[in-house]
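# Sharing a sequence plus its predicted fold:
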Number of protein chains: 2
Amino acid sequence: MAALELFSRHDAEDVSIDDVAFAAGASRALVYHYFGGKQELYVAALKSAAAQLEARLRPHQDGRPLEEMAEGLTRYFDFVEEHAAGFAALLRGGPANRSGEIGEIVDSVRQRLFRLIMKQMRVDEPGPVLRITLRSWIASVETAGLDWLEHRDVGRPGLERLLIDQMVALLGAAARHDAQVARLLADLEADRPAGSG
Amino acid sequence: MAALELFSRHDAEDVSIDDVAFAAGASRALVYHYFGGKQELYVAALKSAAAQLEARLRPHQDGRPLEEMAEGLTRYFDFVEEHAAGFAALLRGGPANRSGEIGEIVDSVRQRLFRLIMKQMRVDEPGPVLRITLRSWIASVETAGLDWLEHRDVGRPGLERLLIDQMVALLGAAARHDAQVARLLADLEADRPAGSG
């Protein structure tokens, strides 16, 4: 994550390949050899951060959906806390975003998170209202993560409980607009595998 | 918005100053004269989009907070619909983001939206839970706007009602964690000016 930390603190123009090589404990020649340049190194570092985040979120067990999601959120915030600069760089796009490649990495992480949540909720085909609600919740979690890094004026466990409560509340509001969400929420709240009702 | 549309459809490297000048109905010389180059023109177009969005959201009257917010959301989606490319470019940062300037424009729009909502809710000093909840809701609205442009498989009035319901639901979940939010929600639901209780 050394490269991400550099790029998240300085404009790309102000970061030299020597700085990056020094931070990564590699030689300038090695950085050029493996990555081709600092922009490519930055993109590679972001991809690595994205892969690490996804690897953490893979569910460890086949538990109840809301418990699985709460555990997933804890692992998400573990990542946020341990890789603060990488997380902020990933979500903000970072100053080195020139080719749209970084936007694609971020979109890809969001899409995988979305599919993971669908899987945890045992939903195969989300309708529009469920899709919008869950994409919105993912955006909420990202925003809360950035806000927490910036302020750190709430405790992590309380923040994680707030976000899970807010997901249930969002589904509750959406359930009044959509039958699929209403069924899903009833399943989640009955604490049995969702989608079985 | 001609420049934004070009930049939102193509990589910055593929857009020539001639393309931009043609789209804007100006000469290449004028674009250079007024902006200095295509990156500067792009940033100027984004700033103009941001200013237009903010101008629309200024409350027209001193109504009830939830009504004011629902009206504001309608004007927000009017902007989303009329300036689809500009809205997507503003939020995605766009491919021409090199200096961090675009990220600053987007952050500035979000901060102003936040202060506007605080004002509509008659809140002077938001605590952490209210701050996180409202920043999250703003992120939800942005995400819903991008999703709607992408899919257009829900009606706009229904989507706007969903988002207002979800804001109240988010506050409801947050009220169980925070006394300030609980008071605010009671005021909002009593349909009297918030903050007066």
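Okay, I see it.

# Where does pLDDT dip in chain A?
A:1-14, A:24, A:60-61, A:90, A:92-100, A:191-197 (pLDDT under 70).

# for residue A:152, phi and psi?
phi 50, psi 40 (degrees, to the nearest 10).

# give the contact list for it.
Residues near residue A:152 by C-beta atoms under 8 Å, 6 or more residues apart in numbering or on different chains: none. C-beta here means a position set from N, CA and C on the backbone, and glycine is covered the same way.

# try residue A:76
Neighbours of residue A:76 in contact, by C-beta under 8 Å, 6+ apart: A:53, A:56, A:57, A:141, A:145.

# Can you select the buried ones among those residues for me in PyMOL?
Entered in PyMOL, the line below selects the buried ones among these, by 16 or more other C-beta atoms under 10 Å in any protein chain shown:
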select buried, chain A and resi 53+57+141+145
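
# among the contacts of residue A:76, which are within reach of chain B?
Applying C-beta under 8 Å from any C-beta of the partner chain to the contacts of residue A:76, one finds that nothing falls near chain B.

# Using a markdown table, please lay out the contacts of residue A:76 together with secondary structure.
As requested, those are exported to a markdown table (DSSP: H, G, I helix; E, B strand; the rest coil):
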| residue | secondary structure |
| --- | --- |
| A:53 | helix |
| A:56 | helix |
| A:57 | helix |
| A:141 | helix |
| A:145 | helix |
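
# and of the contacts of residue A:76, the nearest to chain B?
Closest approach to chain B among the contacts of residue A:76 (C-beta to the nearest C-beta): residue A:141, at 8.0 Å.

# got the contact list for the spatially closest residue to that closest one that is not a sequence neighbour?
What sits nearest to residue A:141 in space, not counting adjacent residues and going by C-beta to C-beta, 6 or more residues apart in numbering or on different chains, is residue A:163, at 5.7 Å. Applying C-beta under 8 Å, 6+ apart, we find residue A:163 in contact with A:73, A:140, A:141, A:144.

# check contacts around the second one.
In other words, residue A:140. A:163, A:166, B:136, B:137, B:139, B:140, B:170.

# wait, which of these is closest to residue A:19?
residue B:139 (32.5 Å; C-beta to C-beta).

# on that earlier part again, now do the residue nearest to residue A:141 against residue A:147, distance only.
Note on residue A:163: its distance to residue A:147, by C-beta to C-beta, to the nearest Å, is 11 Å.

# next one: residue A:86
17 Å.

# More neighbours: which of those two?
With neighbours defined as other C-beta atoms under 10 Å in any protein chain shown, residue A:86 and residue A:147 compare such that residue A:86 has more, 26 against 19.

# how much space is there between the more buried one and residue A:145?
To residue A:145, residue A:86 is 12 Å away according to C-beta to C-beta.

# how much space is there between residue A:67 and chain B?
Between residue A:67 and chain B the computed distance is 18 Å (C-beta to the nearest C-beta, to the nearest Å).

# Specify the residue positioned farthest from the middle of chain A.
What lies farthest from the middle of chain A is residue A:29; by C-alpha atoms, centre = their mean that is 32.8 Å.

# element containing that residue?
Assigned by DSSP states H and E, residue A:29 belongs to helix A:28-35.

# Run through the neighbouring helices and strands of that helix.
The contact analysis (3 or more C-beta pairs under 8 Å, 6 or more residues apart in numbering or on different chains; DSSP states H and E) places helix A:28-35 against helix A:17-24, helix A:38-57.

# Torsion angles phi and psi at residue A:186?
According to degrees, to the nearest 10, residue A:186 has phi -60, psi -40.

# Identify, from the contacts of residue A:76, the entry nearest to residue A:36.
For those, the nearest to residue A:36 is residue A:53 (24.5 Å; C-beta to C-beta).

# my guess is that closest one contacts residue A:110, does it?
No - Residue A:53 is beyond contact range of residue A:110, at 11.0 Å (criterion: C-beta atoms under 8 Å).
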